[in-house]
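> Let me see the structure of the following:
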Amino acid sequence: MKKHVPWIVFMALITLPIVLLYALLFLQSISEEVVGIIPTNLTLSNWEFLKGGDIRVPGTTTQYYPNVYVVTLNTLALALTVALLELVFSSLAGYAISRYKFRGRSAFLALALV
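Down below sits the predicted model:
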């Protein structure tokens, strides 16, 4: 366990700024005004679009962006389709490369792992 402590400390130091920035982002999203680091007046009005999914275009009273839930589902469908296609083609390419013997194969495989 003692030999893992430096690695754990290193990973914690690398992860800490990312977590703090996400916390700051959330705090700014629930504040009325974005001034400074610590918000003064907290509100959930910035998250009201989650009730119905509609986001009004700034400066107008009748125009709306597409429903946030429909857009999210479209994005998830596209991401899953691309991930599945990538998995299929990468598996086929990986199988072909693992079976085919050629000069520089080990260097190519090592480079592909990086």
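> What is the longest helix anywhere in the chain packed up against?
Scanning the chain for the helix with the most residues, using DSSP state H, yields helix 68-99. Using 3 or more Cβ pairs under 8 Å, 6 or more residues apart in numbering; DSSP states H and E as the contact criterion, the neighbours of helix 68-99 among helices and strands are helix 105-113. Bear in mind the C-beta positions are built from the backbone N, C-alpha and C, glycine included.
> mind checking how far the longest helix of the chain is from the chain centre?
Here helix 68-99 shows a centroid-to-chain-centroid distance of 16 Å under the convention Cα atoms, centre = their mean, to the nearest Å.
> and that helix with helix 105-113, angle?
Using axes from the mean of the first three to the mean of the last three Cα atoms, to 10 degrees, the inter-axis angle of helix 68-99 relative to helix 105-113 is 170 degrees.
> where does the protein dip in pLDDT?
Under the criterion of pLDDT under 70, none of the chain is flagged as low confidence.
> what helix or strand does the residue of it most remote from its centre sit in?
Relative to the average C-alpha location in the chain, and by Cα atoms, centre = their mean, no residue lies farther out than residue 103, which sits at 38.5 Å. With elements delineated by DSSP states H and E, residue 103 resides in a region that no helix or strand encompasses.
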